[in-house]
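Undergrad: structure of the sequence below:
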Amino acid sequence: MNNNNQFEFIIQYLKKENINIDFKEFKFQIETHPDFPSLLSFSEALDFFRIENVAAKISKKQLDQLPDNFVALLQTKNKGQFLSFVERQGDNFGYSTEKSKQTVSKAEFLDVWQEIILIVEKTAETKTNKPKTNILLWLLVTLFSFLFITSIEVINLFNFKMVVVLILILLGVYLAIEALKQEFGVKSSFSAAFCGSNNTSYQSNCESVITSKKAKLFSNFGLSDLGIIFFTGHLLAYYLMVISNYTQNFITLSFLVLLPAVPVTFYSLYFQRFIEKKWCTICLMIIAVLYVELPIFSFYSNYNFKELSLFSISIFLLAFISSLLIWFVVKPFITNYFKLKSSEITSIRFKRSYKLFKLALKDSRKIEYTSLKSVLCIGNPDAKIKISIVTNPFCGYCTEAHKILDALLQRFSDQVQLNIRFNFNQEHANNDSKLLHYRLVQIYFEKGAVMFMKALSNWFETKDLNRWFNVFGKGEINIETEQILTNQTKQNQNNKLTFTPALIVGEFLFPKMYDRSDLVNFISELADDEDFLVDNYKNKI
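TA: Now for the predicted structure:
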């Protein structure tokens, strides 16, 4: 399956169904899935956001029974297999490839459809969060907008030639950034639209051309570096010289600096055509911008080089040198960021492998489940997965553990049963601690599991005794409650569970090499694994 632009189809589909989620997090969940880029990775990422979905193989006879919008696995002669967002359009079907949209008849669609579909349904449980704002992007947009507006203000809106020059420079900066995205492996809608075609008459692969080691002018310096340095330096020179009232000098100097750029464009064209034997559409656009700039600067230049002052030349050179130095400082940080990001995704994908998790879990200390069962039982008593936690309201690390378990219970309420066990030292506890523990236990028996979890969650959110007592009341010290807490503590000590929070899945202590938040990734597999189903285990004995 082709991985290029592999998320666009699902994003289109979710937007069409009016499901708005954090697509950055959604992409991360898919990329870190051990079966990425299979359909299962997309389905389970949807599960993460509580989006009801069905991924199934169905007969072609059932096509008419499908909704108007769905995701399908298609196969064509040119592309091989790929997932696509499909829209029913009357008697026809529309689907997208990386380069184009196709509208075909029902018969033609049946020829390319592989009978695999993915359908989503928005419900009350669907977690529809708005995407997080990219602060860096907005800062860059604000900066460029400021430069553009102030430049227009300084040069006067009616100075047409300088407006045209600014637009061309900004276009060059944008294309240079797109070229860098290809070098760092960042996909964008722009590159998806213009790169990646593989027709017999025209082969375009921007990433292949830009990342080719043959295209490097020096060990780590290629055409994409040259592009970003040139255009950002040109933009900085434009701004500095315009506000210094050296606009004509800027035009003349720009014309002079564009002349040596022409041989570089010849080299780029030669490299793409004869060495790499692929075309880079972004590179060709950058060359086109340079070729448009050259006659414009030539036309507006007065060719009076004697009028060039030493100060204006210094400003012009300072802008390009600054751009060069800044890029040499910044690029290693950007490179390391993307390397670390790629490494993180790989390691998380490795960590999310259920086979590895199962080995780690079975290698952990085993504890008899009969000594873990608690009278404070949350969730479905008939659930296949039994999770136990040894906790203490005054434990700092327990806060995060309870948040994870709360989310787990909400998402898998039918599949999980949670045993709450307090590690309460009756002899050394002060009066407030006793009143809190006693009240929590009494809330469970008086008002039920839901109110108990609400009270416990409220405590971990505030950790303010007076506020909590005002809302939920103080506990009554009695023998029944004391016996429950004492028995739990003794059992915990017998099981050597003296630290909190201690998490036990079935009869195995949760492995230290995993974060507790990782547990959510394995619930589906655990529910089908008899090695960890406590009731099944007991029946085998």
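Undergrad: what ranges do the strands span in the stretch 101-250 of the chain?
TA: 101-105, 113-121 (DSSP state E, counting those that start in this stretch).
Undergrad: just say which of the ones you listed is most tucked in.
TA: strand 113-121 (a mean of 18; mean count of other C-beta atoms under 10 Å). For every residue, glycine as well, the C-beta is placed using N, CA and C.
Undergrad: mean confidence for that strand?
TA: The average pLDDT for strand 113-121 rounds to 91.
Undergrad: what segments of this structure are strands?
TA: 52-57, 69-76, 80-89, 92-96, 101-105, 113-121, 377-379, 385-391, 416-422, 502-505, 508-509 (DSSP state E).
Undergrad: reformat those as TSV; add distance to residue 440.
TA: Below are the strands of the chain laid out as TSV (distance: least, C-beta to C-beta, whole Å):
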stretch	distance to residue 440
strand 52-57	34
strand 69-76	46
strand 80-89	49
strand 92-96	55
strand 101-105	59
strand 113-121	38
strand 377-379	12
strand 385-391	10
strand 416-422	8
strand 502-505	18
strand 508-509	24
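Undergrad: which one of those strands lies closest to residue 357?
TA: Residue 357 lies closest to strand 502-505 among the strands of the chain, at 9.8 Å (C-beta to C-beta).
Undergrad: for the closest one, packing partners?
TA: strand 385-391 (3 or more C-beta pairs under 8 Å, 6 or more residues apart in numbering; DSSP states H and E).
Undergrad: show me what the strand it packs on is packed up against.
TA: Applying 3+ C-beta pairs under 8 Å, 6+ apart, we find strand 385-391 packed against helix 398-411, strand 416-422, strand 502-505, helix 523-527.
Undergrad: list the strands paired with the shortest one, with their directions.
TA: For strand 502-505, the paired strands and their directions (DSSP bridges) are strand 385-391 (antiparallel), strand 508-509 (antiparallel).
Undergrad: which outside residues touch that strand?
TA: Strand 502-505 has contacts (C-beta atoms under 8 Å, 6 or more residues apart in numbering) with 361, 367, 372, 385-390, 401, 492, 509-510, 516, 519, 526, 532.
Undergrad: still on that earlier bit, packed most tightly, which of the strands of the chain would that be?
TA: strand 385-391 (a mean of 25).
Undergrad: hmm, who's touching that one?
TA: Applying C-beta under 8 Å, 6+ apart, the contact partners of strand 385-391 are 369, 372-374, 398, 401-402, 405, 408, 412, 415-423, 492, 497, 499-506, 519, 523, 526-527, 532-534.
Undergrad: dump the residue contacts of the nearest residue to residue 66 once chain neighbours are set aside.
TA: Spatial nearest neighbour of residue 66, excluding adjacent residues (C-beta to C-beta, 6 or more residues apart in numbering): residue 117 at 6.6 Å. Listed by C-beta under 8 Å, 6+ apart, the contact set of residue 117 reads 54-56, 58, 66, 70-73.
Undergrad: residue 476 and residue 449: what is the separation?
TA: 20 Å (C-beta to C-beta, to the nearest Å).
Undergrad: cool, and residue 105?
TA: When residue 105 is compared with residue 449 (using C-beta to C-beta), they lie 56 Å apart.
Undergrad: about what we covered before: nearest to residue 212, out of the helices and strands packed on strand 385-391?
TA: helix 523-527 (41.6 Å).
Undergrad: list the buried residues for the closest one?
TA: Residues of helix 523-527 classed as buried by neighbour count (16 or more other C-beta atoms under 10 Å): 523, 526-527.
Undergrad: ok, now stretch 366-386?
TA: 367, 369, 372, 374, 376-380, 383-386.
Undergrad: nearest to residue 435 among the residues you listed?
TA: residue 376 (17.3 Å).
Undergrad: wait, what's in contact with that closest one?
TA: Applying C-beta under 8 Å, 6+ apart, the residues contacting residue 376 are 419-422, 441, 444, 452.
Undergrad: without its sequence neighbours, what residue ends up closest to residue 471?
TA: Closest to residue 471 by C-beta to C-beta, 6+ apart is residue 458, at 6.9 Å.
Undergrad: how many neighbouring residues does that neighbour have?
TA: 15 (other C-beta atoms under 10 Å).
Undergrad: kindly report the same for the one 5 residues further on.
TA: For residue 463, the count of nearby residues is 13 (other C-beta under 10 Å).
Undergrad: tell me how far residue 434 lies from residue 427.
TA: Distance of residue 434 to residue 427, given as C-beta to C-beta: 11 Å.
Undergrad: report the rounded mean pLDDT for stretch 518-536.
TA: 86.
Undergrad: ok, now stretch 386-395?
TA: 93.
Undergrad: from the chain's centroid, how far away is it?
TA: 31 Å (C-alpha atoms, centre = their mean, to the nearest Å).
Undergrad: which non-adjacent residue is nearest residue 27?
TA: Leaving aside its sequence neighbours, residue 27 sits nearest to residue 7 (C-beta to C-beta, 6+ apart; 5.5 Å).
Undergrad: coming back round to it: return the closest of the contacts of residue 117 with respect to residue 322.
TA: residue 71 (48.2 Å).
Undergrad: hang on, that closest one packs against residue 83?
TA: Yes: between residue 71 and residue 83 there is a contact under C-beta atoms under 8 Å: 5.9 Å.
Undergrad: and for these two, which residues touch both?
TA: By C-beta under 8 Å, 6+ apart, the residues touching both residue 71 and residue 83 are 9-10, 42, 118.
Undergrad: tell me the most packed of these, by neighbour count.
TA: residue 42 (27 neighbours).
Undergrad: pretty sure that residue contacts residue 30?
TA: Yes: assessed by C-beta under 8 Å, residue 42 is found in contact with residue 30 at 6.0 Å.
Undergrad: pLDDT weak spots in the protein?
TA: 1-6, 98-99, 123-158, 196-203, 535-541 (pLDDT under 70).
Undergrad: quick one, domains of it?
TA: Using automatic domain parsing, the domain parsing of the chain gives 8-121, 135-344, 354-540.
Undergrad: just give me how far stretch 236-256 sits from the chain centre.
TA: 41 Å.
Undergrad: let me fix that, I meant to ask about stretch 174-193.
TA: So, by C-alpha atoms, centre = their mean, the centroid of stretch 174-193 is 17 Å from its chain's centroid.
Undergrad: if you count neighbours, what's buried in it?
TA: 174-184, 187, 190-191.
Undergrad: so what would you say the end-to-end distance of it is?
TA: Using C-alpha to C-alpha, to the nearest Å, the end-to-end distance of stretch 174-193 comes to 15 Å.
Undergrad: need the contact partners of that stretch.
TA: Against stretch 174-193 from outside (C-beta under 8 Å, 6+ apart): 4-5, 8, 98-99, 195, 206-207, 210-211, 222-224, 227-228, 230-232, 280, 282-283, 285-286, 289, 334-335, 338, 342.
Undergrad: swap in stretch 232-241?
TA: Contacts for stretch 232-241 (C-beta under 8 Å, 6+ apart): 147, 150-151, 165-166, 169-170, 172-173, 176, 247, 249-250, 253-254, 257, 312, 315-316, 318-324, 327.
Undergrad: which of the residues you listed fall within helices?
TA: Counting by DSSP state H, the part of the contacts of stretch 232-241 found in helices is 147, 150-151, 165-166, 169-170, 172-173, 176, 247, 249-250, 253-254, 257, 312, 315-316, 318-324, 327.
Undergrad: would you map the helices across the stretch 401-541 of the chain?
TA: 431-447, 449-462, 465-472, 479-494, 523-527, 534-540 (DSSP state H, counting those that start in this stretch).
Undergrad: the stretch 251-400 of the chain now?
TA: Using DSSP H, counting those that start in this stretch, the helices of the stretch 251-400 of the chain run over 261-270, 281-300, 310-351, 354-362, 398-411.
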